[in-house]
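Visitor: Sequence plus predicted model, see below.
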Amino acid sequence: MSEQEWESLCDGCGRCCLHKFEDDSSGKVYFTDVACQYLDEETCSCPHYQDRQNYVPDCLSINPNWEEKFNWLPSTCAYRLLYEGQSLYDWHPLVSGNKQSVHLAGISVRGRTYRDNEINENQLFEHIIHWVK
Ligand code: SF4
Ligand code: SF4
């Protein structure tokens, strides 16, 4: 798969840019509705994608050899689905042919997040959500 094809797998949901907790004992990951301050709330994309580590040093680059970390991605993420041998959902832009379908299906984080620079870190636990698993 070329780099361009790999990148095109991203559905643009923005869910991976939400802060999350990992339970050390169970490995279960809990998402919050607090997003990286740089996430564009309308498009759910990163305006600094190419040089994002200059803005968020620990922002990760998803790659096919990322096996141990795929559980950090939401269950709907195309990269995780691919890793688990599952099909893309019909709202995925590559399936629907419409970039807006991820928003229309209510999968993206559009209109549902707080910015991390507006939230006290101690309050992060109160922002755990269940609409992303
Ligand atoms: S969760 Fe996956 S599909 Fe959604 S924006 Fe992040 S990388 Fe793309
Ligand atoms: S820097 Fe960009 S890709 Fe990384 S978490 Fe923030 S918005 Fe998402």
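Guide: That came through, no problem. Ligands and ions are numbered 1, 2, ... in the order given.

Visitor: Might you report the residue contacts of the residue most central in space within the chain?
Guide: The residue lying closest to the centre of the chain (Cα atoms, centre = their mean) is residue 16, at 1.8 Å. Residue 16 makes contacts with 62, 72-74, 77, as judged by Cβ atoms under 8 Å, 6 or more residues apart in numbering. Just so you know, the C-beta spots here come from the backbone N, C-alpha and C atoms, and that holds for glycine as well.

Visitor: now residue 42: how far from ligand 2?
Guide: 13 Å (Cβ to the nearest ligand atom, to the nearest Å).

Visitor: ok so, going back, nearest to ligand 2 among the contacts of residue 16?
Guide: Relative to ligand 2, the closest of those is residue 62; by Cβ to the nearest ligand atom it sits at 10.0 Å.

Visitor: ok, residue 75 - contacts?
Guide: Applying Cβ under 8 Å, 6+ apart, the residues contacting residue 75 are residue 133.

Visitor: What of residue 27?
Guide: Residue 27 neighbours (Cβ under 8 Å, 6+ apart): residue 71.

Visitor: ok so, going back, restricted to strands, list the contacts of residue 16.
Guide: Among the contacts of residue 16, the subset assigned to strands under DSSP state E is empty.

Visitor: got the residues you listed as CSV, with pLDDT and neighbour count columns?
Guide: Converted to CSV, the contacts of residue 16 look like this (pLDDT from 0 to 100; neighbours: other Cβ atoms under 10 Å):
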residue, pLDDT, neighbour count
62, 89, 20
72, 91, 16
73, 95, 20
74, 97, 19
77, 97, 20
